[in-house]
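[1] this one's sequence-less:
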């Protein structure tokens, strides 16, 4: 399952932008001036390549405008819920072109310790187009309960 958020260029007050935000919580007004793009990431999951690891990935895709030709700094934080609060246990950031896939994403990983029981995990993803103003929007993926010890 993919999680995503949409960002669009800033619009004047009183425009449809505020209605769009109310209709789709994943949308946020961005002042990038480069067009629209989507912040994307997968839910925290067990690695298919490294036994005993959990992973979280973040990437972006251009929807319109000239954003395809620029790189973005993609940061992903892998978090666990402890004592009612979210704590970052792994982080990664990469400067990548839009698209996703192993060469076009950031990947945070955590090596699990033996654990009997489930903990709650999520990822937080931030995409900043290099050379363009940015706001504080971050994508938060759905909480996953996994048997992974810290």
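    That came in fine, so what should we check first? If you're wondering where the values come from, they're calculated on a predicted model, not measured in any experiment.

[2] State the distance from the nearest residue to residue 105 once chain neighbours are set aside to residue 81.
    Excluding the flanking residues, the one nearest residue 105 by CB to CB, 6 or more residues apart in numbering is residue 59, at 3.9 Å. Using the backbone N, CA and C atoms, a C-beta is placed for each residue, glycine as well. Distance, residue 59 to residue 81, by CB to CB, to the nearest Å: 24 Å.

[3] Looking at the two, which is more packed in?
    Neighbours per residue (other CB atoms under 10 Å) separate residue 59 from residue 81, with residue 59 holding more: 27 against 14.

[4] Which element, helix or strand, includes that one?
    In this assignment (DSSP states H and E), residue 59 forms part of strand 53-62.

[5] Sheet-wise, list the partners of that strand with their directions.
    strand 37-42 (antiparallel), strand 45-46 (antiparallel), strand 106-111 (antiparallel) (DSSP bridges).

[6] can you pull up the bridge partners for the residue nearest to residue 105?
    So, taking DSSP bridges as the rule, residue 59 has residue 40 as bridge partners.

[7] separation between it and residue 110?
    Residue 59 is 19 Å from residue 110, by CB to CB.

[8] can you check residue 46 too?
    Where residue 110 is concerned, residue 46 sits at a distance of 11 Å (CB to CB).

[9] Can you pull the residues that touch both of the two?
    Both residue 46 and residue 110 are contacted by 53, 54, 148, under the criterion CB atoms under 8 Å, 6 or more residues apart in numbering.

[10] In CSV: these, plus distance to residue 72, neighbour count and pLDDT.
    Shown next, in CSV, are those (distance: CB to CB, whole Å; neighbours: other CB atoms under 10 Å; pLDDT from 0 to 100):
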residue, distance to residue 72, neighbour count, pLDDT
53, 25, 16, 95
54, 24, 25, 97
148, 29, 23, 94
